[in-house]
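Participant: build me a model:
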Amino acid sequence: MDNMPSSFTTPPSDHRSCQENLGSYRFALAMTALLFASGMIHAALYAIQGASWEGPLSLRKPILFGISGGMTVLSITWLMTQLRRQKFDRWIANAFAFALFVEVGLITLQYWRGQASHFNHSTVFDMLIELVMLGLILFATAQLMYLTVRTVWLRDIDPGMAVAIRGGMCLLLLSCGLGIATSVLGEINISAGRSAEYWGTAGVLKFPHGAALHAIQLLPLIAWFARYVGAMHRGRMVRFALGSQFVFLVYSGWQTSRGLDRFEWNTVGVCILACSLFLGMLAALPLFQGLFAKWFHGEKR
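Facilitator: The predicted structure follows:
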């Protein structure tokens, strides 16, 4: 399986395989820098103020959305350099980056206004902001669907990296879908007079949304590191890591659907989590073995 070509049949509309440099996506990279800067500035304010991390009006949202948004935009921009080139690639990357930048900007605006950014129906303006954010997320999700399909036709790259990109994009797309479902369930809770953040007694609705959201960063990093240390069967290692991320996503869904806190004890949940950790160990051990051989014995596996 590891010797399979990283690209399947090239679609008829695309016969080019040239690579664009990451630096050619200047606008998307600028949006990335601004998102990171916003997250880090608010993180510094949080460290200085020592404010609460929880609650709809805390600094948590500007920090996490800024950093997470920056990571996602950077990953998608990098992904564009790994795909077989299409005419509108730069426009797609720029539009995606701008959509996330505006969404995070609105979330940050709401923090400085002293208003909740989500599930806020207090004024027409607050409702309008939430509708705009929902529209931006739907727009970005549609772009991710298109890009996920296009990962079938990658350039000729390392098989492990190909698995990482395809698996990471599928999990990112699934996470976006779960985020939209979280918004719908939150509104249902509000209409029933319940908290928008919880399902049942203690199930955290946002837990499944975030459980595998950053697999698109983690999996390519593992694939790169596996190649760096010269590990054998790199595709298999990345599949183990992908399996670990997916099983952890199943675990998050189980805990939330049962109305349990993230790591509240229950037999089924512990078994699922143990399976995720076991697959993660199968992916990690060859990496450490290869690193040990490379650094301490000068061998390249």
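
Participant: checking Leu277 next. Helix, strand or coil?
Facilitator: Secondary structure for Leu277, judged by DSSP: H, G, I helix; E, B strand; the rest coil, is helix.

Participant: next, the buried residues of stretch 219-237.
Facilitator: For stretch 219-237, burial by neighbour count (16 or more other Cβ atoms under 10 Å) applies to 219-220, 222-223, 225-226, 229, 231, 233-237. All C-beta atoms are positioned from the backbone trio N, CA, C, and that covers glycine.

Participant: need the strands for the stretch 101-250 of the chain, in chain order.
Facilitator: Secondary structure of the stretch 101-250 of the chain, counting by DSSP state E, counting those that start in this stretch: strands at 198-199, 203-204.

Participant: for the record, mean pLDDT for the last one?
Facilitator: Mean per-residue pLDDT for strand 203-204: 92.

Participant: tell me what it is packed against?
Facilitator: helix 234-257 (3 or more Cβ pairs under 8 Å, 6 or more residues apart in numbering; DSSP states H and E).

Participant: flag every buried residue along the helix it packs on.
Facilitator: Neighbour-count burial for helix 234-257 flags 234-256 (criterion: 16+ other Cβ under 10 Å).

Participant: how about stretch 259-271?
Facilitator: So stretch 259-271, judged by 16+ other Cβ under 10 Å, has buried residues Leu260, Gly269.

Participant: and that stretch, end to end?
Facilitator: 17 Å (Cα to Cα, to the nearest Å).

Participant: can I get the buried residues of stretch 219-237 in TSV with pLDDT?
Facilitator: As requested, these are exported to TSV (pLDDT from 0 to 100):
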residue	pLDDT
Leu219	96
Pro220	95
Ile222	94
Ala223	94
Phe225	90
Ala226	89
Val229	82
Ala231	78
His233	81
Arg234	84
Gly235	87
Arg236	90
Met237	92
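
Participant: output those as JSON lines; include the columns distance to His42.
Facilitator: Output for the buried residues of stretch 219-237, formatted as JSON lines (distance: Cβ to Cβ, whole Å):
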{"residue": "Leu219", "distance to His42": "28"}
{"residue": "Pro220", "distance to His42": "27"}
{"residue": "Ile222", "distance to His42": "29"}
{"residue": "Ala223", "distance to His42": "32"}
{"residue": "Phe225", "distance to His42": "30"}
{"residue": "Ala226", "distance to His42": "34"}
{"residue": "Val229", "distance to His42": "36"}
{"residue": "Ala231", "distance to His42": "38"}
{"residue": "His233", "distance to His42": "42"}
{"residue": "Arg234", "distance to His42": "38"}
{"residue": "Gly235", "distance to His42": "39"}
{"residue": "Arg236", "distance to His42": "40"}
{"residue": "Met237", "distance to His42": "36"}
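
Participant: what two of those residues are the furthest from one another?
Facilitator: Pro220 and His233 (17.2 Å; Cβ to Cβ).

Participant: from Thr77, how far out is Leu83?
Facilitator: 11 Å (Cβ to Cβ, to the nearest Å).

Participant: please disregard the earlier target; I meant Gln115.
Facilitator: In terms of Cβ to Cβ, Gln115 sits 31 Å off from Thr77.

Participant: who's more crowded, the two?
Facilitator: Thr77 (22 against 16; other Cβ atoms under 10 Å).

Participant: that one and Ser276, how far apart?
Facilitator: 29 Å.

Participant: do Gln115 as well
Facilitator: Going from Gln115 to Ser276 by Cβ to Cβ gives 37 Å.

Participant: repeat for Gly203
Facilitator: Gly203 is 18 Å from Ser276, by Cβ to Cβ.

Participant: need the pLDDT of Asp14.
Facilitator: pLDDT recorded at Asp14 is 46.

Participant: swap that for Ala215, sorry
Facilitator: 95.

Participant: same question for Gly168.
Facilitator: pLDDT, read off for Gly168, is 96.

Participant: that one reaches Ile222, doesn't it?
Facilitator: No: the criterion here is Cβ atoms under 8 Å, and Gly168 misses it with Ile222 at 10.0 Å.

Participant: just to revisit the earlier point, just so I know, which of the strands of the stretch 101-250 of the chain lies nearest Val163?
Facilitator: strand 203-204 (30.0 Å).

Participant: since that was my last question, I'll sign off now.
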